[in-house]
Every structure is written in C-alpha cells, then in structure tokens.
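Colleague: Fold the following and give me the result.
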Amino acid sequence: MDAGTFRFRLGEFECISTSDGALNYPPESLFANVPPEQVGEALRGQDLPVDRVTTPYTCLFIDTGEHRVLVDTGSGDLGVHADQVSPGLDHSTSVTGLLPENLRTAGVEPSEVDTVIITHAHPDHVGGTLDETGEVVFSNARYFISPEERDFWKSEDAAARVPVLMVGTARRNLEPLEGRLTPVEGDSEIVPGIHAIVAFGHTPGHIALSIASAGERLIHVSDAMLYPLHLEHPEWTPLFDMLPEKASRSKRKVFDLASDEEALVFAHHFPPFPSLGHVRKEGQGWRWQPLEAQG
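Modeller: Take a look at the predicted model:
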C-alpha cells in the first residue's frame with residue numbers, strides 16, 4: 001500500500017481503494033442532534049480531538065474482468081470551498097481532489113474507466129466529474145444514478161432546501177452527463193456482480209452497493225453512515241442527512257445486511273484509510289472493525 005492506494009481482491013475482482021484526500025468537519029455537523037459535551041466525551045474516549053473530526057474521502061475502483069468500474073468521481077476542488085457547504089468545515093489543513101492522480105499512480109487512466117456509479121450527488125461524490133476546463137474526466141464511461149437522485153437535484157425543491165454550492169455542484173457535474181446517464185431502478189444489477197441497494201435518506205436517491213464475486217461479498221455503504229461513532233450511536237444524526245427517518249431505516253437495512261453476511265465493508269468516510277473493514281452487531285448498533293492493511 002502506498003499513501004493513496006490499496007489493492008485487494010474480492011473473489012475474481014481486482015479492486016483498488018483510492019484516496020481522494022480528507023477533510024476536517026466540526027463535530028456539530030456530524031452529530032447535529034447530540035449535546036457537544038456528550039460528543040466530546042465519546043471522542044476523548046477514543047483518543048481523538050474534540051474540536052474537529054477528520055474523515056477520509058475514499059473511492060473504490062473495481063476491475064471485474066469485463067468492466068472497469070469507479071464508484072463516485074471524488075470531490076474535485078471542494079476543499080477550497082468547503083465552508084460554503086457547511087459553516088465550520090476546515091480546508092486549511094486538508095487536501096481533496098486526489099482521485100485522478102492516485103488512480104494514475106495505480107496504473108489506471110481515467111479514459112480506461114467504462115462504468116461510473118454515482119451513489120449520490122453531494123459535492124464530495126460528484127465534484128470530480130469535470131476537470132478544470134469543464135471536460136468530463138472519465139470520458140469513456142457510462143454513468144449510473146438512481147432516477148430519484150437525478151430528478152431531485154434538478155428540482156426547485158433542491159434549490160430551496162440545500163446550500164447553493166451543493167446544488168450548483170450537483171447540477172454543473174450532472175448536466176454534461178445527461179446523454180450518458182442510465183437510471184438505476186431499485187435493488188437492481190448495474191453490471192454483472194454489482195447490484196444497487198436502495199438506501200434513500202442521506203439524499204432522496206442515495207444508493208449503496210452489493211459487490212460479489214466467487215462467493216465473496218463487499219457492501220459499499222457510501223454515506224449511509226458518515227463516521228464509525230454513528231455505528232455505535234445510530235440515533236446520532238449528521239446535519240447532512242436530508243431525510244433523517246428514511247436515513248435511519250436505510251442504516252438498519254445496510255448495516256444489518258453487512259453484519260449478517262459478515263461481508264467486507266467499504267465506507268467512503270470511515271477512517272483509517274483504506275476505509276475497509278467489517279461491522280459487528282453490538283447492542284442497538286454495530287462496531288467498526290477496520291482492516292489492518294499491510295504492505
């Protein structure tokens with residue numbers, strides 16, 4: 001493993017966990033309905049800072065042998081505009097937008113990606129769709145997104161409910177894909193071995209993924225949960241969950257599935273990199289058991 005990539009196999013699939021950087025969040029944005037002293041106590045209990053929560057931005061590349069699949073396009077230049085997404089986001093010590101560079105370091109050119117799955121259209125998941133000139137980075141790919149997600153970001157409802165930067169980023173990055181977008185309907189197959197899991201709530205059309213090969217399974221949870229403390233306290237709600245009640249049901253669906261099947265889990269924002277591990281049922285929640293990545 002180098003600083004930005006981690007290779008692993010899932011059955012017959014070759015996978016690369018790829019860093020797009022990291023960002024520091026104020027605790028109140030990730031645990032919006034919890035008294036600050038309670039969050040501080042939980043963070044101190046894990047020897048973590050109490051004034052910020054650092055989360056990785058990690059993307060998954062899968063070579064199925066038939067398709068070269070990328071899940072989400074990364075954050076692009078989000079880091080320099082972070083405080084427009086949510087007050088208190090700190091980009092001063094953070095770097096984002098590293099996905100294309102790290103893919104190339106791993107031997108994957110953006111032009112070789114033939115399938116891009118968009119789990120949802122928040123800036124850290126679609127902000128890397130276009131380069132600095134406005135050209136599509138993964139220019140030879142078909143793009144897959146739930147119709148609920150696509151339609152929401154076009155709507156007046158989005159403009160009324162969501163920060164301007166978020167709406168603008170979603171629209172700017174989705175509009176050039178209009179002729180390339182394929183709707184993902186329900187819990188359906190996207191390409192052989194990769195199925196969508198309806199997990200609405202974080203956004204109106206958010207999806208997770210079940211990836212399976214040769215008897216091995218990985219659950220890509222995307223943003224069903226944003227940080228391992230949410231597993232232990234599933235009632236702690238981030239500011240970014242747009243439909244909290246739906247999000248709560250989706251969390252149960254996704255993480256009970258991962259726990260029951262003892263599947264490998266990929267979580268976009270879970271530390272430490274490479275954001276891989278397992279979840280184990282514990283009380284009313286779960287516990288994160290990160291993969292110990294070696295060499």
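
Colleague: Now do the strands in the stretch 51-200 of the chain.
Modeller: 53-63, 68-71, 115-117, 142-145, 181-183, 189-191, 194-198 (DSSP state E, counting those that start in this stretch).

Colleague: who wins for proximity to residue 224 among those?
Modeller: Nearest to residue 224 among the strands of the stretch 51-200 of the chain is strand 194-198; the distance by C-beta to C-beta comes to 8.8 Å. From N, CA and C alone the C-beta is placed, and that goes for glycine too.

Colleague: which residues touch that closest one?
Modeller: Identification of contacts with strand 194-198 by C-beta atoms under 8 Å, 6 or more residues apart in numbering yields 62, 64, 69, 117, 146, 184, 186-190, 207-212, 219, 250, 253-254, 257.

Colleague: and residue 267, which of the strands of the stretch 51-200 of the chain is closest to it?
Modeller: strand 53-63 (8.0 Å).

Colleague: What about the closest residue to residue 99 other than its chain neighbours, how many residues nearby?
Modeller: Counting by C-beta to C-beta, 6 or more residues apart in numbering, residue 74 is the residue found nearest to residue 99 once chain neighbours are left out, at 3.5 Å. Burial of residue 74 is recorded as 28 neighbouring residues (other C-beta atoms under 10 Å).

Colleague: which residues touch residue 74?
Modeller: Residue 74 touches 20, 57, 59, 96-100, 124-125, 127-128, counting by C-beta under 8 Å, 6+ apart.

Colleague: can you pick the most crowded of those?
Modeller: residue 20 (31 neighbours).

Colleague: Starting from residue 39, give me the distance back to the closest residue to residue 52 other than its chain neighbours.
Modeller: Ranked by C-beta to C-beta, 6+ apart and with sequence neighbours excluded, the top spatial neighbour of residue 52 is residue 24, at 4.4 Å. Distance of residue 24 to residue 39, given as C-beta to C-beta, to the nearest Å: 15 Å.

Colleague: what's the answer for residue 130, then?
Modeller: Residue 130 sits 36 Å away from residue 39, going by C-beta to C-beta.

Colleague: Need the single longest strand in this protein, by residues.
Modeller: In the chain, assigned by DSSP state E, the strand with the most residues is strand 13-25.

Colleague: If you count neighbours, what's buried in it?
Modeller: The neighbour-count check on strand 13-25 (16 or more other C-beta atoms under 10 Å) flags 13, 15-25 as buried.

Colleague: where does the residue located most distally from the centre of the chain land in three-state SS?
Modeller: Distance from the C-alpha centroid of the chain, by C-alpha atoms, centre = their mean, peaks at residue 37 (27.9 Å). At residue 37 the chain is in helix, as set by DSSP: H, G, I helix; E, B strand; the rest coil.

Colleague: Model confidence score at it, please.
Modeller: On pLDDT, residue 37 comes in at 97.

Colleague: what's the answer for residue 3, then?
Modeller: 77.

Colleague: Look up the closest residue to it, ignoring the ones flanking it.
Modeller: Closest to residue 3 by C-beta to C-beta, 6+ apart is residue 19, at 7.3 Å.

Colleague: I'd assumed residue 57 was in contact with that neighbour.
Modeller: Yes. The pair residue 19 / residue 57 is scored as a contact, 7.2 Å apart, by C-beta atoms under 8 Å.

Colleague: could you pull out the helices for the stretch 1-150 of the chain?
Modeller: Along the stretch 1-150 of the chain, counting by DSSP state H, counting those that start in this stretch, helices occupy 27-30, 36-45, 99-105, 123-126, 147-154.

Colleague: Pick the most buried one from these.
Modeller: Most buried of the helices of the stretch 1-150 of the chain by mean neighbour count (mean count of other C-beta atoms under 10 Å) is helix 123-126; its value is a mean of 28.

Colleague: hey, C-alpha coordinates of that helix in PDB?
Modeller: What follows is helix 123-126, C-alpha atoms only, in PDB (Å, rounded to 0.1, in the frame of the first residue of the first chain):
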ATOM      1  CA  PRO A 123     -20.000  17.500  -3.900                       C
ATOM      2  CA  ASP A 124     -17.500  15.000  -2.500                       C
ATOM      3  CA  HIS A 125     -19.100  12.300  -4.700                       C
ATOM      4  CA  VAL A 126     -19.600  14.100  -8.000                       C
END
